[in-house]
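Engineer: take this sequence and fold it.
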Amino acid sequence: MHKPDKAHIILLVFTCLGIFFVNLDAIYINIMEARNFVTAREMLVDDHWILTTLNGEPRYQKPPLPTWITAISAAAFGMKSMIANRLPAAIMSLILVLTFYKTVLRLGKDQGFAFVASLVLATSFYVIFSGRNGQWDIFTHGFMILATDRIVRLFTDSKRIWTDSLLAGIFIGCSFMSKGPVSLYALWLPFMIAFGWTYRFKGLRKMWLPLLVSTLVAIVLSGWWYAYTYFFDREAVEMITRRETANWTGYNVRPFYYYWSFFTQSGLWTVPAFVGLLFPYLKDKVWDKQLYKFSFIWTIASVVLLSVIPEKKSRYLLPVLIPLALNTAMYLEYLFRRFALVKNPWEKLPVYLHFGIVGSIGFLFPLGGYLLLGDNLDGQWFWFVSLSIALLIIGWMIWKNLLKKNVRGTFYWSIGLIIAVMCLGLPLANTLTVNPEFRSLEELNQWQAENDDLPVYEFGGFTPELIWAYGNPIPVLNKEGTIQIPEERTFGVLIAEENLPDFQNTFGDYQIEKVMRYDMNPKAPGESGHKPRLYRDLYLIRK
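Structural biologist: Residues are numbered from 1 along each chain as shown. Got it, this is the predicted structure:
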């Protein structure tokens with residue numbers, strides 16, 4: 001195998017630092033993150049490391065490995081720090097990109113191509129989203145890529161069969177312990193189909209014993225937590241399993257063709273990704289037909305397998321973006337070599353369309369950004385001006401290289417555009433989310449302290465973002481249709497808008513006083529993004 005180029009590794013590290021690590025606290029927490037971060041906090045505060053909880057209630061929907069890692073990060077750098085809680089996902093993204101580089105290098109034996117493919121992966125939209133977000137998708141697929149890299153090594157140039165086999169089993173187990181069988185199905189299985197079809201499993205017979213041990217290791221690591229929770233909390237496990245099973249067939253159900261536009265999830269690379277999937281057009285133009293066949297089969301197999309599952313969400317396409325980055329890089333490498341010689345205007349059109357749009361973003365941002373953000377730029381002019389200058393320069397360089405038919409230059413400047421947006425643009429995020437009535441539920445702690453630590457309950461189902469802001473579990477009164485009346489003579493109740501009629505019926509004979517509203521919506525009331533689930537009215541109840 002060709003050794004990784006040290007310069008490429010350094011550049012990939014700095015690229016990932018600019019994309020995944022900067023401004024990690026710029027964006028408001030979302031519901032998935034809140035669930036994970038609250039569970040990590042309750043590990044630290046309540047010592048719920050194995051029988052994991054969310055708001056004090058069992059949460060066994062997801063295995064705990066990423067939550068353990070996040071809890072350790074929070075313990076080291078601050079439980080309330082968004083940076084500390086999101087940092088492990090960013091680190092996992094860096095590992096994913098560097099491992100992907102090594103895998104592509106093993107297969108293609110070309111350092112420059114592996115570098116380009118890795119840059120495409122690092123700058124694909126849902127990879128960026130997952131890598132900067134406290135969700136566990138990046139962990140399960142990151143660990144699985146570590147496993148597939150060992151599998152590639154095992155069947156290509158391995159001199160350490162036992163080591164690679166055992167590590168593959170360990171990484172598969174870690175992937176399973178991050179989000180169950182998701183990556184095993186959506187990433188590992190299509191990878192094995194594509195690798196077996198294209199490269200074959202050479203020397204499989206002599207490896208049967210190490211692979212058997214690897215499989216056993218993977219099974220043990222994958223299953224011990226599930227067995228433990230079932231043994232010690234069987235009733236909760238069975239209830240959660242029934243609910244999750246129902247979701248797979250009755251929640252977010254989409255038609256088979258729902259993922260037909262999967263290539264758009266690569267964001268910046270939508271047009272090149274689409275052209276790269278035109279197999280009859282590209283198969284005789286690429287520099288490595290076998291590698292292109294492998295990436296194409298891996299991508300399509302992953303999409304088909306995901307399409308079979310009734311429940312579909314856009315973020316489930318993350319494992320598809322990994323082989324899609326490799327597939328897209330095959331097309332880009334062809335453009336690097338041959339675009340200056342292309343005569344067919346229809347073949348030129350996608351290139352001018354794609355990079356022309358990307359370059360124009362730089363020119364249009366200063367005026368468009370000012371018109372969009374308007375008066376909200378007060379206090380943010382440094383970031384706006386810095387981003388405007390950076391994008392103007394980048395836009396100019398993209399167009400300059402495009403007119404010279406230097407596709408390689410336009411590619412690298414496009415990477416620079418993404419880095420500029422992450423480093424200089426994310427601080428402007430709060431100019432897009434202005435709610436003059438914003439009041440964090442964290443302030444409820446102060447109200448309780450001023451009222452002799454009065455207990456407060458949630459009437460209906462809790463919202464994870466609110467629990468995260470509050471800092472502690474909030475007991476829920478209405479569970480499975482049964483309402484438990486608190487024993488205290490005076491207490492507070494948080495009411496969601498949808499639960500107000502039931503609340504009034506339940507406490508109609510009590511003295512009720514509305515205290516205030518806690519509104520954690522980034523958007524102002526009346527705007528389309530203002531969600532009822534993100535605000536609560538606090539009522540003081542006296543018997």
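Engineer: what does the worst-scoring helix or strand of the chain on mean pLDDT contact?
Structural biologist: Counting by mean pLDDT, DSSP states H and E, the chain has its least confident helix or strand at helix 234-250, which shows a mean of 79. Defining contact as Cβ atoms under 8 Å, 6 or more residues apart in numbering, one finds that helix 234-250 is touched by 58, 60-61, 229-230, 309-311. In this view, the C-beta of every residue, glycine as well, is placed from N, C-alpha and C.
Engineer: buried sites along that helix?
Structural biologist: Going by neighbour count (16 or more other Cβ atoms under 10 Å), the buried part of helix 234-250 is 236-237, 240.
Engineer: stretch 12-27 too?
Structural biologist: Buried, per 16+ other Cβ under 10 Å, within stretch 12-27: 12, 15-16, 18-24, 26-27.
Engineer: just name the closest of those to G131, please.
Structural biologist: Nearest to G131 among those is F20, at 4.4 Å by Cβ to Cβ.
Engineer: how about the contacts made by the closest one?
Structural biologist: Listed by Cβ under 8 Å, 6+ apart, the contact set of F20 reads 89-90, 93-94, 122, 128, 131-132.
Engineer: likewise for T229?
Structural biologist: Residues near T229 by Cβ under 8 Å, 6+ apart: 50-51, 60, 236-237.
Engineer: any chance of JSON lines for these, columns distance to L428?
Structural biologist: Listed next are the contacts of T229 as JSON lines, based on distance: Cβ to Cβ, whole Å:
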{"residue": "I50", "distance to L428": "42"}
{"residue": "L51", "distance to L428": "42"}
{"residue": "Y60", "distance to L428": "39"}
{"residue": "A236", "distance to L428": "44"}
{"residue": "V237", "distance to L428": "45"}
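Engineer: for these, which one is nearest N435?
Structural biologist: Nearest member of these to N435, counting by Cβ to Cβ, is Y60, at 34.6 Å.
Engineer: tell me the pLDDT of Y518.
Structural biologist: On the pLDDT scale, Y518 is placed at 96.
Engineer: who touches stretch 371-387?
Structural biologist: 365, 369-370, 420-421, 424-425, 427-428, 430-432, 434.
Engineer: so which of those residues belong to strands?
Structural biologist: Counting by DSSP state E, no part of the contacts of stretch 371-387 is found in strands.
Engineer: restricted to helices, list the residues you listed.
Structural biologist: 365, 369-370, 420 (DSSP state H).
Engineer: and those residues, which two are the farthest apart?
Structural biologist: Y370 and A420 (17.1 Å).
Engineer: tell me which of these two has more neighbours.
Structural biologist: Legend: neighbour count by other Cβ atoms under 10 Å for Y370 and A420, higher for A420 (20 against 12).
Engineer: list the contacts of the more buried one.
Structural biologist: Contacts of A420 were listed using Cβ under 8 Å, 6+ apart, and they are 387, 390-391, 394.
Engineer: do that again at 10 Å, thanks
Structural biologist: 18, 362, 365, 386-387, 389-391, 393-394 (Cβ atoms under 10 Å, 6 or more residues apart in numbering).
Engineer: buried ones from the residues you listed, can you make that a PyMOL selection?
Structural biologist: If you want just the buried ones from the contacts of A420 in PyMOL, going by 16+ other Cβ under 10 Å, the selection is:
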select buried, resi 18+362+365+387+390+391+394
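Engineer: with pLDDT added, can I get the contacts of A420 in TSV?
Structural biologist: Compiled in TSV, the contacts of A420 are given as follows (pLDDT from 0 to 100):
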residue	pLDDT
G18	97
G362	91
F365	92
S386	95
L387	95
I389	96
A390	96
L391	96
I393	96
I394	97
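Engineer: state the pair within the contacts of A420 that is farthest apart.
Structural biologist: Spatial extent of the contacts of A420 (Cβ to Cβ) is set by the pair G18 and F365 at 18.1 Å.
Engineer: tell me who's in contact with S388.
Structural biologist: Neighbours of S388 in contact, by Cβ under 10 Å, 6+ apart: 362, 365-367, 369-370, 424-425.
Engineer: correction: the previous question concerned L12.
Structural biologist: Counted by Cβ under 10 Å, 6+ apart, L12 has contacts 4-5, 94, 97-98, 100-101, 114-115, 118-119, 121-122.
Engineer: for W188, state which of the residues you listed is nearest.
Structural biologist: Nearest to W188 among the contacts of L12: F100, at 14.5 Å, using Cβ to Cβ.
Engineer: and the helix or strand harbouring the closest one, what's its mean pLDDT?
Structural biologist: Using DSSP states H and E, F100 falls within helix 82-108. Here helix 82-108 scores 97 as its mean pLDDT.
Engineer: next one: it to chain centre, how far?
Structural biologist: The chain centroid and the centroid of helix 82-108 are separated by 12 Å, computed with Cα atoms, centre = their mean, to the nearest Å.
Engineer: returning to that earlier point: and which of the contacts of F20 is nearest W413?
Structural biologist: Closest to W413, out of all of those and judged by Cβ to Cβ, is A122, at 15.3 Å.
Engineer: which residues touch the closest residue to the closest one other than its chain neighbours?
Structural biologist: Closest residue to A122 in three dimensions, ignoring its sequence neighbours and counting by Cβ to Cβ, 6 or more residues apart in numbering: V97, at 4.8 Å. Taking Cβ under 10 Å, 6+ apart, we find V97 in contact with 12-13, 15-16, 19-20, 117-119, 121-123, 127, 131, 142, 145, 325.
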